[in-house]
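>>> What would the 3D arrangement of this be:
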Amino acid sequence: MTPRPPLPGRGVAQLLRDTGHDLPATPTQAAPDAAPRLFRPAPPRGPRRPGRGWAASPTPPVSTWRMTTDQAPVLWPLVATPGLPPTGAQIGIDVLAGGAFYADPLGWTVRDDVSVTNPNVICFGKPGRGKSATTKAFILRMLDFGYKALILGDPKDEYEPLARLLGVEPITVGPGLPARINPLDLGPLRDGWERLDRTQATARAGIVFTRWLTLLRGLVGSQRVGASPVPFGPVEEQVLKAALRDLTGYTTGASQLRETTIPAVWHLLAHPTDQLAHDCRYATGRQLLDETRLLRDALGQLVDGALAGLFDAPTTITLDWDAPLATLSLSRLLPLGDDAVGIALTCLSSWGRGLRELSAPGDLRITVRDEVWKQMRLGPDAVKSFDADLRLSRSSGDIQWANAHKPADLLSVGDAGSQAVTIAKDLLHLADTTILHGQDPGVADDLETLLGLPPIARDVVTRWAMHGT
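Numbering: from 1, shown residues only. Have a look, this model is predicted:
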């Protein structure tokens, strides 16, 4: 049977149209402008095209971990702490935060948002890791902020090129050279003495004699009796104090103190007067000679030893305090040994402290002490002398900058648990700013125990920092 074709007919729309009615037309909307897609979906395995990272197998499921904020930095270590305030000289780039960091040790002491109470700096680093370069960069950039630098002993002439760049001629100290430095120089405290009343003169004399006794204690303690340092107790201090007062005219009430030298002190102790014996509470000069033999022999070794003629005569040099930098070269002393260089550094430290005792307000200085381990190995009294320099930094406005190889250098000044080691450890607390260059892995334990570095920071110093200066 053949199917019947559909009958012709009109639809509803045509029927209404034939009777004069139209269905409402559907409103047409303009096609929106096609905007470019910012992100395009990608298949889980990546685009299946060459060079587009297509993976043949599906990606593994992502594991979920829950941890505390103390543990999170292990998986996301690039969380930066707040940076230092942008004051002082720009030094480098903070690799954690990506911005510049600045150094302003003296300005930090007056800010509540920086945990710094003194402007001292200790710079540690293995030889060749950039200690001297960092020091010179800091000096050069802080000059624009009104600072001047004083290099109290340059054993390897590392600061000579910088001095010549700034138009300053370095002062060289060594055998056969005309430069002489008297560590018992009165310094600026000599001026205007005759105009002081009794109270002021007594106070100024106390400053002078205290500095000299600190120096002489360190120099005497640097000498050895067998394996032990020459003892320096209250008796030796009283004898030296009486000798210094006699030689300067303080005992007789002189209106102006006379300058004295270490050989003059030694000569007076070798030929004591009756008045000196009485002032030291000895019955006779013979008894004074017998009781102070070690003290006298220690001073004699300083007078006749390797440094004879360098620090035992009136000062013959004059520092230009208006110059941006002053440096004292000690490279000629290197053949004499580490002890000779250490004694020279001790003498220069005392002499430099005397020059700054009456510094003018606003006179900002960076005092650099290089190779401090040579000075500190002289004994406990030399450590005390260096300790005194660091403690005076805040009142004088100076930035004391010390360079050393590693923190363990502070432990080599004496036996474990000794007074010298205890004082040396405390020096780390007298320098709130510590700069660490690259160190060998063997120093890692010292960084953790002496400086309190956490493991991540310790590994940065002993691993990452060893890849470049």
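
>>> Please confirm that residue 327 is located within a strand.
Yes. Judged by DSSP: H, G, I helix; E, B strand; the rest coil, residue 327 forms part of a strand.

>>> Who is the closest residue to it other than its chain neighbours paired with across the strands?
Nearest non-adjacent residue to residue 327, counting by CB to CB, 6 or more residues apart in numbering: residue 151, 3.8 Å away. In this view, the C-beta of every residue, glycine as well, is placed from N, C-alpha and C. Under the criterion DSSP bridges, residue 151 forms beta bridges with residue 327, residue 368.

>>> ok, residue 151 touching residue 365?
No. The pair residue 151 and residue 365 does not pass the contact test of CB atoms under 8 Å, sitting 10.9 Å apart.

>>> So which of those two has more stuff around it?
residue 151 (28 against 21; other CB atoms under 10 Å).

>>> got the residue ranges for the strands in this protein?
Ranges of strands in the chain, per DSSP state E, are 89-93, 100-103, 121-124, 147-154, 171-172, 224-225, 228-229, 325-329, 364-369, 398-404, 433-436.

>>> Rebuild these as TSV, extending it with distance to residue 71 and mean pLDDT.
Conversion of these to TSV gives the following (distance: least, CB to CB, whole Å; pLDDT from 0 to 100):
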stretch	distance to residue 71	mean pLDDT
strand 89-93	28	88
strand 100-103	27	88
strand 121-124	30	91
strand 147-154	43	91
strand 171-172	56	91
strand 224-225	54	80
strand 228-229	51	79
strand 325-329	49	93
strand 364-369	42	90
strand 398-404	35	89
strand 433-436	25	90
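
>>> okay if I get these as JSON lines plus distance to residue 386?
Putting those into JSON lines (distance: least, CB to CB, whole Å) gives the following:
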{"stretch": "strand 89-93", "distance to residue 386": "25"}
{"stretch": "strand 100-103", "distance to residue 386": "23"}
{"stretch": "strand 121-124", "distance to residue 386": "11"}
{"stretch": "strand 147-154", "distance to residue 386": "11"}
{"stretch": "strand 171-172", "distance to residue 386": "22"}
{"stretch": "strand 224-225", "distance to residue 386": "19"}
{"stretch": "strand 228-229", "distance to residue 386": "16"}
{"stretch": "strand 325-329", "distance to residue 386": "17"}
{"stretch": "strand 364-369", "distance to residue 386": "8"}
{"stretch": "strand 398-404", "distance to residue 386": "8"}
{"stretch": "strand 433-436", "distance to residue 386": "16"}
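
>>> coming back round to it: how about the contacts made by the residue nearest to residue 327?
The contact partners of residue 151, taken as CB atoms under 8 Å, 6 or more residues apart in numbering, are 159, 325-328, 368, 370.

>>> By mean pLDDT, which helix or strand of the chain comes out lowest?
helix 393-396 (a mean of 64; mean pLDDT, DSSP states H and E).

>>> okay, the contacts of residue 151 in JSON lines with neighbour count and distance to residue 389 next?
Supplementary listing: the contacts of residue 151 in JSON lines, determined by neighbours: other CB atoms under 10 Å; distance: CB to CB, whole Å:
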{"residue": "159", "neighbour count": "24", "distance to residue 389": "19"}
{"residue": "325", "neighbour count": "25", "distance to residue 389": "19"}
{"residue": "326", "neighbour count": "23", "distance to residue 389": "17"}
{"residue": "327", "neighbour count": "28", "distance to residue 389": "17"}
{"residue": "328", "neighbour count": "23", "distance to residue 389": "15"}
{"residue": "368", "neighbour count": "27", "distance to residue 389": "12"}
{"residue": "370", "neighbour count": "25", "distance to residue 389": "14"}
